[in-house]
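[1] one predicted model, sequence on top.
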Amino acid sequence: MKIKKEIKKITPVFLLNLYHYLLAFMGAFLHGFPSKKILVIGITGTKGKSTTAILVGKILEETGSKIAWLTSATIKIGEKERLNPYHMTMPGRFTIQRFLKESVKAGCKYAILEVTSEGIKQYRHKFVDFNTAVFTNLKPEHIEAHGSFENYRFCKGQLFKATLKNHIINFDDENAGYFLQFPAEKKITYSIKNSKPEMFFACNIQEARTGVSFSVNNINFNLKLLGRFNVCNALAAICVGILQGVSLENCKKALEEIKTIPGRMEVIMESPFNVIIDLAHTPDSYEELFKSVKNIPHNKIISVFGSAGGGRDKWKRPILGEIAAKFSDFIVLCNEDPYDENPKQILSEIKFGILKNGFNQLNLYEILNRREAIKKGLELAKENDIVLILGKGTEQLMMVSGRKIPWDDRQIAKEEIKKLRT
């Protein structure tokens, strides 16, 4: 890993770009340029990509078509679905092209891809013919990897530059104008704040313990998914469906059948206390998640989390701590993916933000071992409390000191819950 980083440092940028470009071409060439034989939908943004991709897939299945998706949560081709084993949202060029080829072979009409800034930076989107590009939102993330927010946004925009047919854009995001500038045959915007002609607008939003409801064009949607942010994800998916000829009524039918999104506000246990798993790992996603959880009737909130190492967005660590302290009654800090960083140092940076505004230090626990931390969070819980296990969602690996450790927050939580009950 360190050798790879050193090689990157001394290699001229144009040679790195050429290397990535040629890999992208070879991946597409060896697999027969499969994206030319299937309708590809690319979804980009800081948050909501996986959920939106899965919602889009469920809606398009209402047309009777076979679909495929490649998300950080799961990979689906036709009737076969499995957890994503790659520990990355947008895997390498050969993997993407192989996925598209297998989707075509399985008779799928649509393939839905999450498209990341790092993936675009490495040309993983090249030689993929996108029919539709979807923009969910944009917040500071991966700034250290890209050098600036502007560079990060530029990479996201390359998906829209490469997609000439359909663009779907979250009008509420302050960066919407940037994505609207790219030419396309058809553009659709959606919003939960603005009602304008030819815009898909959700109103009458209500959050409850069992899900979220809203209305679009006088049709009421009752989702089993938790969180106001899922209204935005649903709107983006509805827009894709409408572009592909799915009626609003059939969009409603498909969305209301979905019980959960793996690793996204996924309820592992409801009684005597709630246990919820979520991938949240940025300040903005923390704010939205905690605000949604606050709307669920509860006594106390117990949060179990850490932050990724390897030089990934160090700036956010104290901010995550500060946000968690604002909403939580107990906090258990632990490893997330420390990579080659000192895990104690990562926790100390988060802790700084937690204690900044007077959080009771007696209610703060530092347990590096993530399993033991989850166990502690569950032991602290009483009736009607909520235990939040954040940062990894459905990820199947933990990166510790150059080693890949098999991991699944959901499975670990279930095992520890079982131990508590015996």
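    Ah, there it is.
[2] for the rest of this, base every contact and every neighbour count on C-alpha atoms.
    OK.
[3] list the residues that contact I38.
    Applying Cα atoms under 8 Å, 6 or more residues apart in numbering to I38 gives the contacts L100, V104, C108, K109, Y110, A111.
[4] and the fifth one, what does it touch?
    Read that as Y110. Taking Cα under 8 Å, 6+ apart as the test, what Y110 contacts is I38, L39, V40, I41, L60, S65, K66, I67, A68.
[5] dump the residues you listed to CSV, plus pLDDT and secondary structure.
    Shown next, in CSV, are the contacts of Y110 (pLDDT from 0 to 100; DSSP: H, G, I helix; E, B strand; the rest coil):
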residue, pLDDT, secondary structure
I38, 98, coil
L39, 98, strand
V40, 98, strand
I41, 98, strand
L60, 98, helix
S65, 95, coil
K66, 98, coil
I67, 98, strand
A68, 98, strand
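[6] just put those residues in JSON lines and tack on distance to N335.
    Output for those, formatted as JSON lines (distance: Cα to Cα, whole Å):
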{"residue": "I38", "distance to N335": "41"}
{"residue": "L39", "distance to N335": "40"}
{"residue": "V40", "distance to N335": "36"}
{"residue": "I41", "distance to N335": "34"}
{"residue": "L60", "distance to N335": "38"}
{"residue": "S65", "distance to N335": "42"}
{"residue": "K66", "distance to N335": "39"}
{"residue": "I67", "distance to N335": "36"}
{"residue": "A68", "distance to N335": "33"}
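[7] can you select the buried ones among those for me in ChimeraX?
    Selecting the buried subset of these in ChimeraX, with 16 or more other Cα atoms under 10 Å as the burial test, is done by:
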select :38,39,40,41,60,66,67,68
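[8] looking at the contacts of Y110, which is nearest L30?
    Set against L30, the nearest of the contacts of Y110 by Cα to Cα is I38 (16.8 Å).
[9] buried residues of the longest helix seen in the chain, list them for me.
    For the chain, the helix reaching the highest residue count under DSSP state H is reported as helix 13-30. Within helix 13-30, the residues that count as buried by 16+ other Cα under 10 Å are H20, Y21, L23, A24, F25, M26, G27, A28.
[10] who's in contact with the fourth one?
    For A24, the contacting residues are R93, F94, Y123, R124, H125, K126, F127, by Cα under 8 Å, 6+ apart.
[11] so the first one makes contact with R124?
    Yes - with contact defined as Cα atoms under 8 Å, R93 reaches R124; the gap is 5.1 Å.
[12] on that earlier part again, top of the contacts of I38 by neighbour count?
    If you count neighbours using other Cα atoms under 10 Å, the busiest of the contacts of I38 is L100, which has 32 neighbours.
[13] that residue belongs to a helix, doesn't it?
    Yes - L100: assigned to a helix according to DSSP: H, G, I helix; E, B strand; the rest coil.
[14] isn't it up against A111?
    Yes - using Cα under 8 Å, L100 is in contact with A111, at 7.1 Å.
[15] tell me the secondary structure at M399.
    M399 ends up strand, using three-state DSSP.
[16] quick check: it vs P318, distance?
    M399 sits 21 Å away from P318, going by Cα to Cα, to the nearest Å.
[17] compare the two (neighbour count), which wins?
    The residue with more neighbours, out of M399 and P318, is P318; 23 against 20, by other Cα under 10 Å.
[18] for the longest helix of the chain, list the C-alpha coordinates in PDB.
    The C-alpha trace of helix 13-30 is given here as PDB (Å, rounded to 0.1, in the frame of the first residue of the first chain):
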ATOM      1  CA  VAL A  13      -0.100  13.200 -13.700                       C
ATOM      2  CA  PHE A  14      -0.400  12.700 -17.500                       C
ATOM      3  CA  LEU A  15       1.100   9.300 -17.300                       C
ATOM      4  CA  LEU A  16      -1.200   8.300 -14.500                       C
ATOM      5  CA  ASN A  17      -4.200   9.600 -16.500                       C
ATOM      6  CA  LEU A  18      -3.000   7.700 -19.600                       C
ATOM      7  CA  TYR A  19      -2.600   4.500 -17.500                       C
ATOM      8  CA  HIS A  20      -6.200   4.800 -16.100                       C
ATOM      9  CA  TYR A  21      -7.600   5.600 -19.600                       C
ATOM     10  CA  LEU A  22      -5.900   2.700 -21.200                       C
ATOM     11  CA  LEU A  23      -7.200   0.400 -18.400                       C
ATOM     12  CA  ALA A  24     -10.700   1.600 -19.000                       C
ATOM     13  CA  PHE A  25     -10.400   1.000 -22.700                       C
ATOM     14  CA  MET A  26      -9.000  -2.500 -22.200                       C
ATOM     15  CA  GLY A  27     -11.800  -3.400 -19.800                       C
ATOM     16  CA  ALA A  28     -14.400  -2.300 -22.200                       C
ATOM     17  CA  PHE A  29     -12.700  -3.900 -25.200                       C
ATOM     18  CA  LEU A  30     -12.100  -7.300 -23.600                       C
END
